[in-house]
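>>> Make a model of this:
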Amino acid sequence: MKKNKKTIKRDSNLREKKRVDTVQRVSYRTNSSIRGEGFSQNLSENGCCLFLNEEVPIGSLIEITFDRLGSNSNGVRVIGRVIWQKDFLSGIKFLPDIKV
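Next up, the predicted model:
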């Protein structure tokens, strides 16, 4: 496993849960008042990979709202932590114990 300040290289075969490739529009805000929009790249039970319009620092708490296309509802909101980042891709681990 190779580590540096911005990225952690991981073997995708070591993931706990299978990831599903899916592109969905998301909006987000962090505990440091960063707000924006982006898209999911993939999603699992434990987390997701997001393409965001700016770099969000590793360790940041992030509230993500997944848009529900074709629905009048507010979307699905989750809380997570940024655990890796490369360019504008951010790896998010969901934190189910923190309520939205």
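>>> list the buried ones in stretch 60-74?
Counting neighbours by 16 or more other C-beta atoms under 10 Å, one finds that the buried residues in stretch 60-74 are 60, 62, 63, 64, 65, 66, 67. Bear in mind the C-beta positions are built from the backbone N, C-alpha and C, glycine included.
>>> Relative to residue 40, which of these is nearest.
In terms of C-beta to C-beta, no member of the buried residues of stretch 60-74 lies closer to residue 40 than residue 66, at 7.0 Å.
>>> That closest one and residue 59, how far apart?
The spacing between residue 66 and residue 59, counted by C-beta to C-beta, to the nearest Å, is 22 Å.
>>> same thing with residue 83?
Taking C-beta to C-beta, one finds residue 83 at 8 Å from residue 59.
>>> neighbour-wise, which of the two wins?
residue 83 (15 against 9; other C-beta atoms under 10 Å).
>>> before we move on, which element is that one in?
In this structure, residue 83 sits in strand 76-86 according to DSSP states H and E.
>>> Same check on residue 27?
strand 25-30.
>>> What of residue 45?
If you go by DSSP H and E, residue 45 is not part of any helix or strand.
>>> ok, residue 62 - contacts?
Residues counted as contacts of residue 62 (C-beta atoms under 8 Å, 6 or more residues apart in numbering) are 28, 29, 30, 31, 56, 79, 80, 81, 82, 90, 92.
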